[in-house]
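A.B. asks: Only the shape, not the letters, is given here:
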């Protein structure tokens, strides 16, 4: 049986490099096309997931607007900006929600918390984390009810110095084998309440374009 000899150019290093580069370029093009085709869908799903989480920390019964669309950019002292979502009842701000962050065992823990106009916690939910599965992930509400222990608390009910896990002298439970994770969340929520009280007047006030129109007074004869 006769075997056809391969062309000599196929054995050259330049040919092999060009072939490999072409395959890599083609693979990259496929990934880019796939990313472009799915980017909008992924963004929509993330927005929907966030909306559902927002509804858990700003309950529907306390607002008649759409908090996800009613935002305020808060300028913090260190130069950062924070996006705040506002719940309203008949135009008045009844509560706000914003993101806070704590340093967990495996990295940052991103938290969304809601606070009513009086400074009482409406709800806390973890948006993102990298904590150890089976231990640190108990901060997720679908895995453990621990995160619900913040509901209804305020600095009036629990002064800021007492916001700590039981190991540190506070009232909040820690997880067996994972104290750093709940400690990070407790600290984040405490810092969130501190931020709320520091900017309470700004967060709750009406913007100039949100003021109620003045009522027309009856004209009097001169």
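C.D. replies: Cool, the structure landed. Here the structure is a predicted model, which is why all the values come from computation and not from measurement.

A.B. asks: What ranges in this protein fall below the confidence cut-off?
C.D. replies: In the predicted model, the chain carries pLDDT under 70 at residues 1-15, 34-35, 37-43, 206-222.

A.B. asks: Now do the contacts for the closest residue to residue 118 other than its chain neighbours.
C.D. replies: Of all residues not flanking residue 118 in the chain, residue 154 sits nearest, at 7.1 Å (CB to CB, 6 or more residues apart in numbering). Glycine gets a C-beta too; all of them are placed from N, C-alpha and C. Residues in contact with residue 154, defined by CB atoms under 8 Å, 6 or more residues apart in numbering, are 118, 119, 120, 121, 193.

A.B. asks: Now restrict those to buried residues only.
C.D. replies: Using 16 or more other CB atoms under 10 Å as the burial test, the contacts of residue 154 include 120, 121, 193 as buried.

A.B. asks: shouldn't the first one be in contact with residue 153?
C.D. replies: Yes: the pair formed by residue 120 and residue 153 meets the contact definition of CB atoms under 8 Å, at 7.1 Å.

A.B. asks: what about residue 84, which SS state?
C.D. replies: Remark: residue 84 carries the secondary structure label strand [criterion: DSSP: H, G, I helix; E, B strand; the rest coil].

A.B. asks: Pretty sure it sits against residue 99.
C.D. replies: No: using CB under 8 Å as the test, residue 84 is too far from residue 99 to be in contact (9.3 Å).

A.B. asks: which of these two has more neighbours?
C.D. replies: Neighbours of residue 84 and residue 99, each counted by other CB atoms under 10 Å, are more numerous for residue 84; the result is 22 against 16.

A.B. asks: For the more buried one, list each beta-bridge partner.
C.D. replies: According to DSSP bridges, the residues that bridge with residue 84 are residue 72.

A.B. asks: Can you give me the distance of it to residue 26?
C.D. replies: Residue 84 sits 46 Å away from residue 26 when distances are taken as CB to CB, to the nearest Å.

A.B. asks: Likewise for residue 172?
C.D. replies: Here the criterion is CB to CB. By it, residue 172 lies 54 Å from residue 26.

A.B. asks: Between the two, which is the more surrounded one?
C.D. replies: residue 172 (21 against 10).
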